[in-house]
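**Q** structure, please.
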Amino acid sequence: MSKNDDSSGEAGLRKDGSLEPFGFHAFQQDRRSSALRKYQDLFVGNRSLWDLLKFELLTVGLTNLSGMLGFFLRQRLYRFLFKHLGKGVVIGPGVTLRQPGKISIGNGCVIDEQTRLSVQGSGQAEIRLGQGVFVGRGSIINTRGGTVDIADHTTIGSYCRISTLASVTIGKYGMIAAYCYIGGGNHGSDRTDVPMALQEPINRGGVRIGDDVWIGAHTTVADGVTIGRGSIIGAMSFVNKDVAEYSIAFGCPARVFRKRLPE
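**A** Below you'll find the model as predicted:
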């Protein structure tokens, strides 16, 4: 399939040199796919009618079901939606799923209410949560054509957004405080004859966060950044450069002020 036939939102140059739209704009302007097929591409991840039926029956009936019954039924029946759903997983009411067949959740994870786990695009796009991961209320974990890997026993605070076109990896026993933004991307801005929203996204390779990293509230970690093991990032920081292991950094932009020295 050529780029111009891909309904997932990727595009390129037209013959006249103008740009095809990217992302949402390409999806919205696709006239070759029916509304049903667009729905399947966005929510289910394939065009299997059986997978669509499973998705509809389980999410319509269980997504907003509160109380013990809701927790119990989601734990038992959502395993038919996910690529992998471990034992003892708690999924709160109001959790939005996009392409759950590309999402793996390890044993003992807690996905708090009103969160969103969203995979977009085809190929190797995937979200993987290790054992004992906690995702706080209202947080969004999203990938468009890339991967998100969150290792065992990491906590994601409320109303965070983790998003990537490439990859985000977060190590074990991480602590991500509320309202953090990790990853994301930028649109091209070289051309002035085409809206920036229609220019090709810029991919700087994703974000890598080591084990035992503590990131304070309201912090942004830009695409392309590596934060080393054992580091602490102060609240309300903007991290746009790599941070070495066992560093304490903060500020906008963040810079290292000292090292965590061994006792």
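**Q** what about residue 50, neighbour count?
**A** 8 (other CB atoms under 10 Å). Yep, even glycine has a C-beta here, placed from its N, CA and C like the rest.
**Q** er, residue 87 I mean
**A** 11.
**Q** now do it against residue 76, distance only.
**A** Distance, residue 87 to residue 76, using CB to CB, to the nearest Å: 11 Å.
**Q** same question, residue 261
**A** Taken as CB to CB, the span from residue 261 to residue 76 is 49 Å.
**Q** now swap in residue 68 and tell me
**A** In terms of CB to CB, residue 68 sits 12 Å off from residue 76.
**Q** please enumerate the strands of the stretch 1-150 of the chain.
**A** Ranges of strands in the stretch 1-150 of the chain, per DSSP state E, counting those that start in this stretch, are 84-85, 90-91, 96-98, 103-105, 110-111, 116-120, 126-129, 134-135, 140-144, 147-150.
**Q** distance to residue 241 for those - can I get that in CSV?
**A** Output for the strands of the stretch 1-150 of the chain, formatted as CSV (distance: least, CB to CB, whole Å):
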stretch, distance to residue 241
strand 84-85, 35
strand 90-91, 37
strand 96-98, 32
strand 103-105, 31
strand 110-111, 32
strand 116-120, 28
strand 126-129, 27
strand 134-135, 27
strand 140-144, 23
strand 147-150, 22
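**Q** of those, which stretch is the most buried?
**A** Among these, strand 134-135 has the highest mean neighbour count (mean count of other CB atoms under 10 Å), at a mean of 24.
**Q** relative to that strand, what are the paired strands and their orientations?
**A** strand 110-111 (parallel), strand 155-156 (parallel) (DSSP bridges).
**Q** so, low pLDDT: which residues of the stretch 101-250 of the chain?
**A** For the stretch 101-250 of the chain, the stretches flagged by pLDDT under 70 are 122.
**Q** other residues contacting stretch 79-94?
**A** 54-55, 58-59, 63-66, 70-71, 74-75, 78, 97, 100-115, 126, 131, 137 (CB atoms under 8 Å, 6 or more residues apart in numbering).
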